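> Next comes the sequence, and after it the predicted model I'd like to discuss.
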Amino acid sequence: SKIARQISVDQPMEDEFAQSWAYLCTRPCSNAPFVPRIILLGQPGAGKSTQGDLLAAKYDIVHVSSGKLVKQAIAADCKELQDHKAAVAAGQMIPDRIMTSLVLHRLSQIDCATKGWVIDGFPRTLQQAKLFAQMKVEPNRVLFIDVPEETALERTTMRRIDPDSGKLYHLMFAPPPSAEVQARLRQRPCD
C-alpha cells in the first residue's frame with residue numbers, strides 16, 4: 001500500500017493537526033468547488049476522534065463518529081439495532097451491513113453533502129470498506145494515524161467516559177473538572 005504523507009505524532013497536537021490539514025487542502029487544480037470527504041483510520045487510542053473534532057470545528061465540516069451514530073440510533077429505537085443492544089453495551093461491533101447503512105444515511109444528509117465530512121471509526125472491517133465503495137461514496141482523503149503501541153495502550157487504559165454527559169476524559173492529560181464528575185466516570189467496555 002502507498003503512504004501518501006507520513007506525519008510524526010511525536011510533536012505537539014497542534015503541529016500534527018496543522019500538517020494534516022495542510023496535506024488535506026492540497027488537491028488537483030480544478031474549478032469545481034472542493035467539499036472535503038475525509039476518513040481517519042488508526043488503532044484505538046490513535047486520536048481519530050480528537051483529530052476529527054479539531055478538523056470539524058476549525059473548518060466547519062461535519063464530524064461523523066461511527067460510535068455516536070450507533071448510540072443515536074439505539075436512543076431513537078432504530079428497529080435494525082433492537083437485537084444488537086446487548087452487543088453494543090458490551091463494546092462489540094454491530095453487523096457490517098447495519099453500520100454501513102447508518103454511515104451512508106448520515107452522509108446523505110444535506111449538511112454532509114454541502115459542507116463536507118470527516119469520519120472516524122469507519123470502516124473498521126474489509127466488508128465495511130467494500131460495502132462503502134459499492135455505494136459510490138468516495139473520500140478524497142484518507143489519513144491513517146499511526147502511533148506507537150505503548151502510546152495507544154496508555155491512552156485507552158487511562159480514558160474514561162462520563163455517563164451523564166458522554167464526555168471523554170483522560171485521567172492524566174485531560175482529567176475531569178471536579179471530584180463529583182470523577183466519581184461517576186466509567187471505563188468503556190471497548191477500552
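Ah, there it is.
> Going by C-alpha atoms from here, please, whenever you check contacts or count neighbours.
Noted.
> which residue ranges form the helices in this structure?
13-25, 48-59, 66-75, 85-89, 96-107, 110-115, 126-134, 149-158, 179-184 (DSSP state H).
> Would you mark the buried spots in the fourth one?
Judged by neighbour count (16 or more other Cα atoms under 10 Å), helix 85-89 contains these buried residues: 85, 88.
> Counting by contacts, list what that helix packs against.
Helices and strands in packing contact with helix 85-89 are not found; criterion 3 or more Cα pairs under 8 Å, 6 or more residues apart in numbering; DSSP states H and E.
> one step back: among the helices of the chain, which is nearest D164?
Across those, D164 has its closest neighbour in helix 179-184 (8.3 Å, Cα to Cα).
> Identify the residues contacting the closest one?
Outside helix 179-184, the residues that touch it by Cα atoms under 8 Å, 6 or more residues apart in numbering are 162-163, 176.
> In the chain, where is pLDDT below threshold?
1-5, 26-33, 189-191 (pLDDT under 70).
> Go ahead and flag the most central residue of it.
Nearest to the geometric centre of the chain sits D120, at 2.0 Å (Cα atoms, centre = their mean).
> Surely that one and A46 touch.
No - with contacts counted by Cα atoms under 8 Å, D120 stays clear of A46, the gap being 10.8 Å.
> With distance to V142 added, can I get the helices of the chain in TSV?
Formatted as TSV, the helices of the chain follow (distance: least, Cα to Cα, whole Å):
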stretch	distance to V142
helix 13-25	9
helix 48-59	12
helix 66-75	16
helix 85-89	26
helix 96-107	16
helix 110-115	17
helix 126-134	12
helix 149-158	20
helix 179-184	36
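> For K167, find the nearest of those helices.
helix 179-184 (10.3 Å).
> Okay, buried residues for that closest one please.
Q182.
> now do stretch 130-139
131-132, 139.
> Looking at those residues, which one is closest to D146?
P139 (19.2 Å).
> nearest residue to the closest one other than its sequence neighbours?
Spatial nearest neighbour of P139, excluding adjacent residues (Cα to Cα, 6 or more residues apart in numbering): R37 at 4.6 Å.
> For the one you found, grab the count of nearby residues.
22 (other Cα atoms under 10 Å).
> Quick check: bridge partners of it?
Beta-bridge pairing of R37 under DSSP bridges involves W117.
> Quick check: it touching V137?
No - between R37 and V137 there is no contact under Cα under 8 Å: 9.1 Å.
> And for W21, the neighbour number?
The burial count for W21: 16, using other Cα under 10 Å.
> list the contacts for it?
Taking Cα under 8 Å, 6+ apart as the test, what W21 contacts is L55.
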